[in-house]
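In: Dropping a prediction and its sequence here:
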Amino acid sequence: MQPILSLRGVSKTYATGHAALKDVSLEIARGEIFALLGPNGAGKTTLISIICGLVTPTAGTIAAGGHDIIRDYRAARSLIGLVPQELTTDAFETVRATVRLSRGLFGKAPAEAHVEKVLRDLSLWEKRDSRIMTLSGGMKRRVMIAKALSHEPQILFLDEPTAGVDVELRRDMWRVIRDLRDNGVTIILTTHYLEEAEEMADRIGVIRNGELILVERKEDLMRTLGRKELALQLAAPLAEIPAALARYPLALSPDGRRLVYTYTGTGDPTSISPFLQDVAAAGIAFTDLDTEQSSLEEIFVRLVRADA
Amino acid sequence: MNLHAIRAIYLFEMARMRRTLLQSIVSPVLSTSLYFVVFGSAIGGHMRQIGDVSYGAFIVPGLIMLSLLTQSIANASFAIYFPRFVGTIYEILSAPLSALEIVTGYVGAAATKSIILGLITLAVASVFVDLRIEHPVWMLAFLVLTAITFSLFGFVIGIWADSFEKLQMIPMLIVTPLTFLGGSFYSIDMLPPFWRAVSLFNPVVYLVSCFRWSFFGTSDVNVGLSVAMTLIFLLLCLGAVVWIFKTGYRMKT
């Protein structure tokens, strides 16, 4: 299937000489949730700004829904909704007026029913006639999302959608994002909360110093880079690790009751079974067993630190 | 053509005018009335007639032009500067809009506001002095042409300005002096020959002069020349707007 968004060799060098993006190529499939991770200043916002037409790329081509974003900007842009990172709102306007404006700007005929639906979905309906300046930060964030959804985009960019947002609102937003995805909207989000990427994303891309250093399915990423631990709660304490198990990377707790086997997800998924057989052969009985997988956060920290 | 967008920008901007009614209408009307009281009644009582027109009536076209120019520039420059300042311009730039559509929406709204204001000023003036309008259709045409031209000029200023000071600078340091020296309150024929010649380099002279012609049928300078000068200025502003959108000047990096 044709990708909904495709980038080829996109670079951006600012007038100051700062290379914000270096030869980024990427394809996004229709209906996926793609999370873009990277430290501050890595180029996430620049990348989004280029796709949305706010920044002119120095090199490369981008197509949205098959339309070149420069040559065929009308068709391309009308597919795209953007929720920028900064809370920039028409402070003196009412919620409904600003959402109506957004719909019009993207060439859609006025549709009060759709505006109402968007406002209700984001719990903004009660505030529809309030001036934006009177709203809390979290509510303003919802207004920004409502503006982007007002024109029924096929591709939605969320730049740090939940920065500075409380837990409840974050859960609300995740629900809205999932609903959108279920309706076939493609979602590209940048985030600092790895928990968010882990919870939501189908695929993850990592940007570091303007380079897209990795794009993988979330599960694959966690499997290849994830560290796993298998812990055995022993029936009787051990004084030391038996010689029969010396070939495994093991750690014994000081009280001798907990034996921890660390392995990477890269290997044969059945690699724990020979270990368990050897444990049994060594005559070690255990009362309980648990496994732990490293989180995306740990993987991410390792990735961006590596040779940085 | 993204007509929905033009409509949305236009209505959004007009709504802003309704909300700031006091600033948008009441204060310019008040200041114009003050001009009438001071120049028309207090000083004008001691002035001789200019041609066959009383001084009070003579200054009306100039005063309308004065508020038309300043309001067109102020409306349009603020309308585009404010979204740049607060950051909401991102939406305009990411929308499927051509430069023409953006400009039509903003300049159309700014010009509409200043035309409404010009007509209100005219109504206020007719309370103070007896007015006759010999060429009402031309009068309206000049009103519209001037409003559009200077709204475009305001739009260019609103893009160029990167601070509120700069936003005020051109209107204050250039436009206001030019208007005062542009024959709003006198006929340039009243000036010594040298200063009359200098005045002919002031574009506002042509605007005021042909606008006054539409009222009283007399003009300091040739009406055709006046219209031509206004159109040239309109084209210059259009050229600047085209260049701005082509290069992304002050809007894109």
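Out: Happy to help now that I have it. On a predicted model such as this, the values are computed, not experimentally measured, just so you know.

In: Tell me which residues touch the residue in chain B that chain A sits nearest to, please.
Out: Using Cβ to the nearest Cβ, the closest approach of chain B to chain A is made by residue B:8 at 2.3 Å. For the C-beta atoms, the positions are set from N, CA and C on the backbone; glycine is no exception. Taking Cβ atoms under 8 Å, 6 or more residues apart in numbering or on different chains as the criterion, residue B:8 is in contact with A:100, A:101, A:103, A:104, A:105, B:105.

In: Low-confidence ranges, chain A, go.
Out: Within chain A, the stretches with pLDDT under 70 are A:225-226, A:265-270, A:306-308.

In: and the residue of it nearest chain B?
Out: Nearest residue of chain A to chain B: residue A:104, at 2.3 Å (Cβ to the nearest Cβ).

In: what helices or strands is the helix or strand encompassing that residue leaning on?
Out: For residue A:104, the enclosing helix or strand under DSSP states H and E is helix A:95-105. Using 3 or more Cβ pairs under 8 Å, 6 or more residues apart in numbering or on different chains; DSSP states H and E as the contact criterion, the neighbours of helix A:95-105 among helices and strands are helix A:112-121, helix A:137-149, helix B:3-19, helix B:89-94.

In: ok, and for the third one, which residues are buried?
Out: So the one you mean is helix B:3-19. Neighbour counts over helix B:3-19 (16 or more other Cβ atoms under 10 Å in any protein chain shown) mark B:4, B:5, B:6, B:8, B:9, B:10, B:11, B:12, B:13, B:15, B:16, B:17 as buried.

In: Check which element follows that helix along the chain.
Out: Heading C-terminal from helix B:3-19, the first helix or strand you meet, by DSSP H and E, is helix B:21.

In: Which helix or strand lies directly C-terminal to that following helix?
Out: Per DSSP H and E, the first helix or strand lying C-terminal to helix B:21 is helix B:27-35.

In: What residues of that next one count as buried?
Out: In terms of neighbour count (16+ other Cβ under 10 Å), helix B:27-35 has its buried residues at B:28, B:29, B:32, B:33, B:35.

In: Stretch A:284-301 now?
Out: Going through stretch A:284-301 with 16+ other Cβ under 10 Å, the ones that come out buried are A:284, A:286, A:294, A:296, A:299, A:300.

In: how about these in JSON lines, adding distance to chain B and secondary structure?
Out: Compiled in JSON lines, these are given as follows (distance: Cβ to the nearest Cβ, whole Å; DSSP: H, G, I helix; E, B strand; the rest coil):
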{"residue": "A:284", "distance to chain B": "63", "secondary structure": "coil"}
{"residue": "A:286", "distance to chain B": "59", "secondary structure": "strand"}
{"residue": "A:294", "distance to chain B": "37", "secondary structure": "coil"}
{"residue": "A:296", "distance to chain B": "30", "secondary structure": "helix"}
{"residue": "A:299", "distance to chain B": "32", "secondary structure": "helix"}
{"residue": "A:300", "distance to chain B": "28", "secondary structure": "helix"}
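
In: Now render these as JSON lines, adding distance to residue A:151.
Out: Putting the buried residues of stretch A:284-301 into JSON lines (distance: Cβ to Cβ, whole Å) gives the following:
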{"residue": "A:284", "distance to residue A:151": "64"}
{"residue": "A:286", "distance to residue A:151": "59"}
{"residue": "A:294", "distance to residue A:151": "41"}
{"residue": "A:296", "distance to residue A:151": "32"}
{"residue": "A:299", "distance to residue A:151": "36"}
{"residue": "A:300", "distance to residue A:151": "33"}
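
In: returning to what we had before: the helices and strands packed on helix A:95-105: which one's closest to residue A:182?
Out: With Cβ to Cβ as the measure, helix A:112-121 is the member of those nearest residue A:182 (12.7 Å).
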